[in-house]
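**Student:** coordinates only, no sequence provided:
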């Protein structure tokens, strides 16, 4: 790939990166707990001015912030459609800076559930395992790989290194793809990776 735009918004610290060949032309990060849509367009505009033509857009698909991931996907698809550039989704668990070839990710899946995923060569080896505290604690205890978390702190049942996923890591992964690889990946619609089904509550009956 020649020129790649990468967007990562699965955590409160989002980022954008632009890479051409082996050179990072632009990178910027921004903080927003739930409103990435209010701060992403400034750095995006800067990146697009530097880019000229794009060959590929890669976007982090989570797991992570429900709103953040969807904002990143919407922005990537909008730019892709307007510029007729292929968009590919890539798990945000692969966007860890300086991560080894193989590692594991653990974190809070909410509602008293936790998750555990093994990664290799930028891909999930299997879908994330989601379970109760005892289940995920046992997986962590048996794990021999470097262990990371994207949460604000490590779960108290293991020692995971806190990291923030970065768009430049996604850009580097996409740079390693051939045009054929990109075309094949772009055939699969980029969608958010959810750790569990949506939590829906029924409305209270009216008095």
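**Tutor:** Received it, and whenever you're ready, just let me know what you need. Only a predicted model underlies this, so the values are computations on that prediction, with no experimental measurement involved.

**Student:** in the protein, which spans are helices?
**Tutor:** Using DSSP state H, the helices of the chain run over 41-51, 66-83, 133-142, 167-175, 179-186.

**Student:** residue 86: neighbour count?
**Tutor:** By the other Cβ atoms under 10 Å criterion, the neighbourhood of residue 86 contains 18 residues. Quick note: C-beta positions are derived from backbone N, CA and C, even for glycine.

**Student:** on the pLDDT front, check the residue nearest the centre of the chain for me.
**Tutor:** Centroid-nearest residue in the chain, with Cα atoms, centre = their mean: residue 92, separated by 2.1 Å. The model reports residue 92 with a pLDDT of 98.

**Student:** now the helices of the chain in TSV, with distance to residue 12?
**Tutor:** As requested, the helices of the chain are exported to TSV (distance: least, Cβ to Cβ, whole Å):
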stretch	distance to residue 12
helix 41-51	16
helix 66-83	8
helix 133-142	22
helix 167-175	14
helix 179-186	27
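
**Student:** ok, which of the ones you listed comes nearest residue 127?
**Tutor:** helix 133-142 (13.5 Å; Cβ to Cβ).

**Student:** most tightly surrounded among the helices of the chain?
**Tutor:** Mean neighbours per residue, mean count of other Cβ atoms under 10 Å, is largest over those for helix 167-175, with a mean of 24.

**Student:** other residues contacting that one?
**Tutor:** For helix 167-175, contacts defined as Cβ atoms under 8 Å, 6 or more residues apart in numbering pick out 1, 4-8, 14-19, 21-22, 24, 27, 56, 58-60, 88, 90, 94-97, 99, 122, 182.

**Student:** stretch 116-129 too?
**Tutor:** Contacts of stretch 116-129 (Cβ under 8 Å, 6+ apart): 63, 90-91, 93-94, 99, 101-106, 115, 131, 135-136, 139-140, 143, 145, 173, 193, 195.

**Student:** so what's the gap between it and the chain middle?
**Tutor:** Taking the mean of its C-alpha atoms, stretch 116-129 sits 13 Å from the chain's own mean (Cα atoms, centre = their mean, to the nearest Å).
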